[in-house]
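*Asks:* what would the 3D arrangement of this be:
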Amino acid sequence: MKLSVLIPVYNERYLAEKLIRKVLSVRLPDGLEKELIVVDDGSTDGTRAILERLAAEIPQIRYIPHARNQGKGAAIRTAIAAATGDFTIFQDADLEYDPDDYPRILEPLLSGQADVVYGSRFLGSERQRVLYFWHSLGNHFLTLLSNIFTDLNLTDMETCYKAFRTEVLRSIPIRSQCFGIEPEITAKVAKRGLRLYEVPIRYDGRTYLEGKKITWRDGVRALRVILTYRLIDDIYDEKTAPEYLTDLSRAHRVNRWTADALRPFLGERVLEIGAGLGAMTGMLLPRERFVASDAKEAYVAILKSLALRRSGIEVARIDPEQTADFEQYTGKLDSIVYVSGLENTADPGAVLKNFFDALEPNGRATILVPQGPWLFSPLDKTLGHRRRFGEKELAAALEHAGFRVEQTFDFNRIGALGWLLNGVLLRREKMAKIQLKAFDSLVWLFRRIDWLWPWPGLDLVAVARKPGPAAAPDESAAIPSAGASGVGHAAGT
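*Replies:* Prediction:
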């Protein structure tokens, strides 16, 4: 296990070496190793020569220079890309924060309780230097404003000491160049629902004569960042999850609509295929056993983080087209649920056969797919769709795999109009964020009147059973009422 200490440096020739040697001397818990990622952000006061000397002398230091000053956010972004540790902590290149607090900050991460830990200057410690009233008031105000927009109860949003599980940190995009990194990361941690803890730390602040760099202008910029990331759902790095998938995962009301429609068909031992970012996973609980799976390692890592926050979730890497991935579950499942994924596979029949073989006799497969080949458009191509299904086509594929189709029904008739307009008529490649947010905000109405519209739904649900000994009637398997059913992949997982 390793801790990566990310140290952005700018014009700290008198303190940088002392700080680095202090970090190197810290004893970490449980034999945790450490590496120092030191980014010189365009220093011009002689700091660079000091850092080059230390990097040549000390193997634990990885030194990365910036040709020009870009700001703390840019330096942290560079350092994250170079980090190789299991955990990561931010460390300013002065001595305002004491590295001896590392063990205290790391404890919730090492114990598995937290994804993120903030070191708070205001929770109380054995000592704290008395400094500027207005500066302290500004910190409290920014934390309060951040809390209002994130619904967190932090005491110190602007703290330097932020520690993460590295795989979580890597998946968070950082756009801010300067000190706006603090409210930006906080907003994204909140929107991701990550487990965030605070611990008290010591703080020996500097005066401006002693070299303090942050000013009231940075406070104004922080206000802008807080407001910006309240409105923008930029919470996953594009390499981890495409923008459209992030947008869809944030449509909470739509995802709840989907879950409510599918839940009556699920038993107690459930395998979710293609769980992605886990947009619906938690909504399908509780179950005796629930396995959330995906074929992509990045999504598996996100699902594992979700499993740490919610009890009753197992996580597995399963490619629905690989028969071997299902062998460990043969005879151990009574339900498989697959939402908006079958249309992306090269051979849907082979996938359904894998489901059939994995289920126990009388087990059910509940499948949601995009409906209507005539609706196929650039929107489908953006989502990776190879096809849109007709009702007869989907039923035939299920029966060919060995299933007995119990019922099929339409989802999200109102959504078909939006898909027709945006995809077929206007040839757009993605839905506008404002449209998705507006649709999500009106789900309470759409789900109650969806049954009124006379045209086919945007999506189709099929419920199919693997034949076996006669099963007792299952009253919960009736088609959901109009108020509980129906949503399209356009705003699903």
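
*Asks:* could you dump the lengthiest helix in the chain to PDB, C-alpha only?
*Replies:* Once the chain is assigned using DSSP state H, the helix that runs over the most residues is helix 133-150. This file holds the C-alpha atoms of helix 133-150, laid out as PDB (Å, rounded to 0.1, in the frame of the first residue of the first chain):
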ATOM      1  CA  PHE A 133     -10.400  37.900  11.300                       C
ATOM      2  CA  TRP A 134     -11.600  38.800   7.900                       C
ATOM      3  CA  HIS A 135      -9.700  36.000   6.300                       C
ATOM      4  CA  SER A 136     -11.300  33.500   8.700                       C
ATOM      5  CA  LEU A 137     -14.700  35.000   8.100                       C
ATOM      6  CA  GLY A 138     -14.300  34.600   4.400                       C
ATOM      7  CA  ASN A 139     -13.400  30.900   4.900                       C
ATOM      8  CA  HIS A 140     -16.500  30.400   7.000                       C
ATOM      9  CA  PHE A 141     -18.700  32.200   4.500                       C
ATOM     10  CA  LEU A 142     -17.400  30.200   1.500                       C
ATOM     11  CA  THR A 143     -17.800  27.000   3.400                       C
ATOM     12  CA  LEU A 144     -21.400  28.000   4.300                       C
ATOM     13  CA  LEU A 145     -22.200  28.900   0.700                       C
ATOM     14  CA  SER A 146     -20.700  25.600  -0.500                       C
ATOM     15  CA  ASN A 147     -22.700  23.700   2.100                       C
ATOM     16  CA  ILE A 148     -25.900  25.400   0.900                       C
ATOM     17  CA  PHE A 149     -25.400  24.300  -2.700                       C
ATOM     18  CA  THR A 150     -24.000  20.800  -1.900                       C
END
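
*Asks:* could you name the helices and strands sitting against whichever helix or strand comes after it?
*Replies:* The C-terminal neighbour of helix 133-150 among helices and strands, as given by DSSP states H and E, is strand 162-165. In terms of contacts (3 or more CB pairs under 8 Å, 6 or more residues apart in numbering; DSSP states H and E), strand 162-165 is packed against strand 87-90, helix 102-110, strand 116-120. Backbone N, C-alpha and C define where each C-beta goes, glycine included.

*Asks:* mind listing what's buried in the longest one?
*Replies:* Neighbour-count burial for helix 102-110 flags Y102, R104, I105, L106, E107, P108, L109, L110 (criterion: 16 or more other CB atoms under 10 Å).

*Asks:* what sits against the last one?
*Replies:* Residues touching L110, when contacts are defined by CB atoms under 8 Å, 6 or more residues apart in numbering, comprise P29, D30, L32, F87.

*Asks:* and the closest residue to the first one other than its chain neighbours, how far from R404?
*Replies:* When the adjacent residues along the chain are set aside, P29 lies closest to P103, with 5.0 Å between them (CB to CB, 6 or more residues apart in numbering). Here the distance between P103 and R404 works out to 59 Å (CB to CB, to the nearest Å).

*Asks:* Q60 now?
*Replies:* As it turns out, when the distance is counted by CB to CB, Q60 lies 63 Å from R404.

*Asks:* more neighbours, the two?
*Replies:* Relative neighbour count places Q60 above the other of Q60 and R404, with 14 against 11, counting by other CB atoms under 10 Å.

*Asks:* output the below-cut-off pLDDT ranges for the stretch 351-493 of the chain.
*Replies:* With pLDDT under 70 as the threshold, the stretch 351-493 of the chain has low-confidence stretches at 470-493.

*Asks:* and the helices and strands packed on strand 162-165: which comes nearest G312?
*Replies:* Of all the helices and strands packed on strand 162-165, the one in closest proximity to G312, counting by CB to CB, is helix 102-110 (21.8 Å).

*Asks:* restricting to C-alpha, output the closest one in CSV.
*Replies:* Taking C-alpha atoms only, helix 102-110 is exported to CSV below (Å, rounded to 0.1, in the frame of the first residue of the first chain):
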residue,chain,number,x,y,z
TYR,A,102,-1.3,12.3,8.0
PRO,A,103,-2.1,9.2,10.2
ARG,A,104,-5.2,10.9,11.6
ILE,A,105,-6.4,11.9,8.1
LEU,A,106,-5.7,8.5,6.6
GLU,A,107,-7.4,6.4,9.3
PRO,A,108,-11.0,6.6,7.8
LEU,A,109,-9.6,5.7,4.4
LEU,A,110,-7.5,2.8,5.7
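
*Asks:* which stretches of this protein have low pLDDT?
*Replies:* Under the criterion of pLDDT under 70, the regions of the chain flagged as low confidence span 125-135, 205-216, 218-219, 241, 470-493.

*Asks:* okay, now the domains of it?
*Replies:* Here the domain parsing of the chain from automatic domain parsing is 2-231, 243-491.

*Asks:* name the residues of the biggest strand by length in the chain that are buried.
*Replies:* Counting residues, the longest strand found in the chain (DSSP state E) is strand 359-370. The neighbour-count criterion (16+ other CB under 10 Å) identifies L359, E360, N362, G363, R364, A365, T366, I367, L368, V369, P370 as the buried residues of strand 359-370.

*Asks:* R62 against V39, yeah?
*Replies:* No: in this structure, R62 is not within contact of V39 by CB atoms under 8 Å, at 9.3 Å.

*Asks:* looking at these two, which one has more neighbours?
*Replies:* When R62 and V39 are compared for neighbours, V39 comes out ahead with 27 against 16, by other CB under 10 Å.

*Asks:* surely the more buried one is in a strand?
*Replies:* Yes: note on V39: a strand contains this position according to DSSP: H, G, I helix; E, B strand; the rest coil.

*Asks:* would you mind measuring from it to M157?
*Replies:* In this view, V39 and M157 are 23 Å apart by CB to CB.

*Asks:* again, but for G363
*Replies:* 48 Å.

*Asks:* got it, and L231?
*Replies:* 18 Å.

*Asks:* which one's more surrounded, those two?
*Replies:* Remark: of L231 and M157, M157 carries more neighbours, 25 against 11, as counted by other CB under 10 Å.

*Asks:* so what's the backbone phi/psi at the more buried one?
*Replies:* Summarising the backbone geometry of M157 under the convention degrees, to the nearest 10, its torsions are phi -70, psi -30.

*Asks:* what about it, distance to E198?
*Replies:* Counting by CB to CB - M157 and E198 are separated by 10 Å.

*Asks:* who touches both of these two?
*Replies:* By the contact definition CB under 8 Å, 6+ apart, M157 and E198 are jointly contacted by Y118.
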